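Novice: with the input below, show me the fold.
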Amino acid sequence: MDAVPGSAWEARFRASGLRLTAPRQAILAALLEQDGAGDAVILLTAAQRHYPATRIGTVYRFLRELERHRLVQALAWPHGRTHWQPCAMPAADAQAGEDIQPMIARLKAFLSDLERLGMAEAQPPAEAMASDDCAPTLQLLQRVAGRLGYRLTPIHS
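Specialist: Purely as a prediction, here's the structure:
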């Protein structure tokens, strides 16, 4: 197994206290090689080219750990699999304000779909409070929904 591509990524891992086993190195290499975001199955296939013993459970656990350390972003798609992409390096120039209106329109449409499914409720726009015990992705979704006038509701099985 080759070393983790890029010493900057090695430094980010060391700073986060993450262990880099051979399967994790393979998954990270697959993340950094992909164009855009990929789901766990795509990442598994790419990681197995680097380290054939990589398993899907390892991919999911490692992606969640990377998300907790804010090293990857999870992109949830309605009616589809979650896709993952590496977060930009802190020194990288980001054009965060570009194309924000189309993104807000897509988020509002998504929240409207969730409302039809009973997974969100319309409410006056407000600053939503996210629980500290949920994943960073869910916290962000809760805050965004609150600012756009929705509240995410728990799903009861």
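Novice: quick check: domain ranges of this structure?
Specialist: Structural domains annotated on the chain: 7-86, 100-152, as defined by automatic domain parsing.
Novice: buried ones in stretch 42-58, by neighbour count?
Specialist: Buried positions in stretch 42-58, judged by neighbour count with 16 or more other CB atoms under 10 Å: 42, 43, 44, 46, 47, 48, 50, 51, 54, 58. Heads up, the C-betas are built off the backbone N, CA and C, glycines and all.
Novice: measure the residue nearest to the last one when sequence neighbours are not counted to residue 111 for me?
Specialist: The one in question is residue 58. Leaving out its chain neighbours, the residue that sits closest to residue 58 by CB to CB, 6 or more residues apart in numbering is residue 23, at 4.9 Å. Plainly put, residue 23 is 36 Å away from residue 111 if you go by CB to CB, to the nearest Å.
Novice: for residue 77, same thing?
Specialist: Applying CB to CB, the value for residue 77 to residue 111 is 14 Å.
Novice: please say which of the two ends up with more neighbours.
Specialist: residue 111 (23 against 11; other CB atoms under 10 Å).
Novice: list the buried residues for the helix or strand where that one lies?
Specialist: Assigned by DSSP states H and E, residue 111 belongs to helix 100-116. Buried residues in helix 100-116, counted by 16+ other CB under 10 Å: 107, 110, 111, 114, 115.
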